[in-house]
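Undergrad: Model the following, please.
(one chain, ligands or ions: 1)
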Amino acid sequence: MCGIVGYNGYKPAVSILTEGLSHLEYRGYDSAGVALIHEGKLAVHKAAGKLSALEAKLDTALHLQTGTTGIGHTRWATHGLPEERNAHPHLSQDGKIAIVHNGIIENFQELKTELLAKGHHFISDTDTEVLAHLIEEEISSSSSICDGFAKALRRAHGAYAVVMLTSDRPDVLYAGRMSAPLLLGIGQNENFVASDVPAFLAHTRDVIFLEDYEIACIEKDAWKIFSLDGLSPLEKKVHHITWDMQSASKDGFPHFMIKEILEQPRVIKDCLAGRIIATPDRRQVTLNELNRLAFPSRLRIVGCGTSYHAGLWGQHLIEKLSGIPTAVEIASEFRYRDPLLCPDELVLAVSQSGETADTLAALRLAKTKGCQVIGLCNVVGSSIAREADIVLYTQAGPEISVASTKAMCSQMTLLSLLALFLGQEKNPSVYDDPFLEALIALPDQLSAALPEMQEYSARLAKRYSAAHNFYYLGRGQCYPLALEGALKLKEISYIHAEGYPAGEMKHGPIALIDHNFPTFALAMNDILFPKVESNIQEVLARQGQVIALVQNNNSMRPDLPVDDLWVLPSCHPVVSSFFALTAMQLFSYHVADYLGKDIDQPRNLAKSVTVE
Ligand code: F6R
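TA: Model prediction:
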């Protein structure tokens with residue numbers, strides 16, 4: 001949540017900052033702002049709304065082009081309305097310090113009271129402005145700017161990343177991290193600092209990940225990193241990023257979301273690559289990362305949102321194939337309920353970004369209880385990837401659309417491999433079922449089906465886009481998919497949608513059904529198909545409209561006059577989930593597109609939820 005960027009080099013900073021912010025807008029887009037050094041003083045420009053509003057303002061302020069050091073911010077509002085007054089950068093009382101901040105200062109109210117008593121005045125409602133004033137106070141009584149900056153950060157509780165620019169040392173950027181991502185980009189005679197790699201990838205691929213309790217002083221041709229506590233200098237490894245901007249661009253598609261949905265066959269292939277070996281008898285899964293894993297007695301999966309849904313989907317498969325009792329929990333609940341965990345329980349933290357605050361906190365809690373933790377992440381070098389004992393990368397490539405699509409597909413692929421891997425340890429018959437072969441065939445099969453699915457979903461979307469409510473029903477492994485289908489529809493089209501286990505409808509939710517309340521029923525060809533048919537029957541009997549998602553090797557009972565029968569290719573029952581997932585993603589995409597919604601940047605959302 002919130003994207004921050006800083007530049008210290010020899011080129012005009014304003015264009016580098018706005019370009020960087022354009023790659024961070026997925027983290028929030030309630031307002032944007034930049035601060036630069038101009039004629040020895042700080043020049044701050046901000047605007048409410050998206051980055052384009054700031055860019056329009058900057059066009060008329062050409063004098064800014066001269067500054068070669070600056071900081072920028074794109075906001076996801078936490079404290080204070082998304083207005084210009086609350087936009088970052090925020091200034092200290094004397095106007096000599098500007099900061100950009102991602103995260104929440106939990107004790108800001110207490111600090112504000114203290115500062116008010118000392119005569120400080122605040123313009124905004126934000127916790128960030130309080131931090132700017134606190135830094136000013138601490139610097140005034142410290143031996144150096146760096147020392148004062150560190151003292152202020154030590155007093156700020158919560159999760160944050162912050163970058164500071166001061167007119168007293170215009171040649172240095174100061175940065176600090178506490179549980180929110182922050183990385184340095186190391187260039188030639190220019191250095192960068194940002195919340196995520198795409199902000200500076202066009203300029204450098206060499207990256208240093210800051211850890212919690214670390215601060216950095218960044219000059220254009222040098223950088224130093226210190227521990228927050230004792231200000232002792234730290235050695236840091238420079239990582240080289242191998243992916244390029246091409247994979248973070250729209251590639252001619254109107255939205256990142258559709259590009260990412262259509263990439264899924266490639267994503268599955270990449271996720272399988274190198275993880276399947278041929279033995280004389282058969283092909284089997286190899287997960288080298290897990291070679292030193294002790295076979296767990298139980299498994300706990302934690303995640304949020306779409307990643308939680310992927311975990312729920314994986315639970316079925318892992319229990320079935322490996323016999324390991326598996327529980328799945330929403331990370332924000334898990335972290336606060338003092339969960340009972342045995343030390344030989346394995347915890348799997350599922351997160352696309354690897355930065356979700358609640359999932360990271362759940363991981364840390366599991367570690368304090370002595371559990372081994374696997375991070376199932378997409379973003380290389382992210383906090384969860386670094387803090388987990390073992391990391392399994394999903395290989396989906398950068399996911400830019402705020403609504404997650406290909407990440408879930410890759411998580412399901414990796415969870416399938418994990419289920420087989422854990423299964424093969426104990427259960428030699430795990431490969432009697434042709435699931436792995438079906439998984440290997442999936443990319444080509446899905447790729448071949450996509451054009452027709454695209455066309456059908458666009459037609460269907462037009463027909464249902466006037467609905468105000470939707471149920472998504474599924475059973476067994478299709479239940480988590482129903483949750484995900486509903487989440488996708490509501491987050492990008494703003495149509496209210498709920499996912500339910502189909503068998504639960506009669507316990508209350510069916511009361512809402514009438515001819516204006518459509519139901520999307522997942523009737524895949526598995527053992528629960530007849531049960532889902534009965535649930536569809538119950539909806540139809542209440543004049544509900546039904547879209548039934550079926551496969552061409554299962555025929556719906558003739559007495560079920562569903563409104564739309566969407567027929568997907570026949571395949572292995574588990575693999576059919578990937579088709580169902582894609583179908584629902586496409587449906588949501590086309591509904592939102594038809595309604596003219598802001599698909600890649602839906603209102604009130606941000607890609608990486610680094611606050612709780
Ligand atoms: C929904 C969505 C969110 C994320 C959730 C967890 O489309 O994107 O629900 O899935 O915020 O994010 P990660 O996977 O980065 O931990």
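
Undergrad: And the residue of the chain found nearest the ligand, its phi and psi?
TA: In the chain, the residue found nearest to the ligand is Gly305; the distance is 1.9 Å by C-beta to the nearest ligand atom. (Each C-beta comes from the backbone N, C-alpha and C, glycine too.) Dihedral angles of Gly305 (phi, psi; degrees, to the nearest 10) stand at phi 50, psi -130.

Undergrad: ok, it touching Ser404?
TA: Yes: counting by C-beta atoms under 8 Å, Gly305 touches Ser404, with 7.1 Å between them.

Undergrad: hang on, the earlier thing: tally of neighbours for the residue of the chain closest to the ligand?
TA: The burial count assigned to Gly305 is 23, neighbours taken as other C-beta atoms under 10 Å.

Undergrad: ditto for Thr279
TA: By the criterion of other C-beta under 10 Å, Thr279 has 9 neighbours.

Undergrad: what's the answer for Pro561, then?
TA: Neighbour count for Pro561, taken as other C-beta under 10 Å: 10.

Undergrad: mind checking pLDDT for the closest residue in space to it that isn't next to it in sequence?
TA: On the basis of C-beta to C-beta, 6 or more residues apart in numbering, the spatially nearest residue to Pro561 that is not a chain neighbour turns out to be Leu540, at 6.8 Å. Among the per-residue scores, Leu540 holds a pLDDT of 93.

Undergrad: Leu540 touches Asp559, doesn't it?
TA: No: counting by C-beta under 8 Å, no contact exists between Leu540 and Asp559, whose distance comes to 9.2 Å.

Undergrad: more crowded one of the two?
TA: Set side by side, Leu540 and Asp559 give different neighbour counts by other C-beta under 10 Å, the larger being at Leu540 (20 against 8).

Undergrad: for the longest helix seen in the chain, which positions count as buried?
TA: Ranked by residue count, the top helix of the chain under DSSP state H comes out as helix 435-464. For helix 435-464, the neighbour count (16 or more other C-beta atoms under 10 Å) marks 435-436, 438-440, 442-443, 445-446, 449-450, 453-454, 456-458, 460-461, 464 as buried.

Undergrad: in the stretch 51-200 of the chain, which segments are predicted with low confidence?
TA: Across the stretch 51-200 of the chain, the ranges flagged by pLDDT under 70 are 61-65.

Undergrad: just the helices in the stretch 251-400 of the chain please.
TA: Per DSSP state H, counting those that start in this stretch, the stretch 251-400 of the chain carries helices over the ranges 256-262, 264-272, 305-322, 331-334, 357-368, 383-387.

Undergrad: can you give me the angle the second one makes with helix 435-464?
TA: Per axes from the mean of the first three to the mean of the last three C-alpha atoms, to 10 degrees, the angle that helix 264-272 makes with helix 435-464 is 150 degrees.

Undergrad: returning to what we had before: now mean pLDDT too, for the helices of the stretch 251-400 of the chain, in TSV please.
TA: Conversion of the helices of the stretch 251-400 of the chain to TSV gives the following (pLDDT from 0 to 100):
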stretch	mean pLDDT
helix 256-262	95
helix 264-272	93
helix 305-322	97
helix 331-334	96
helix 357-368	96
helix 383-387	92
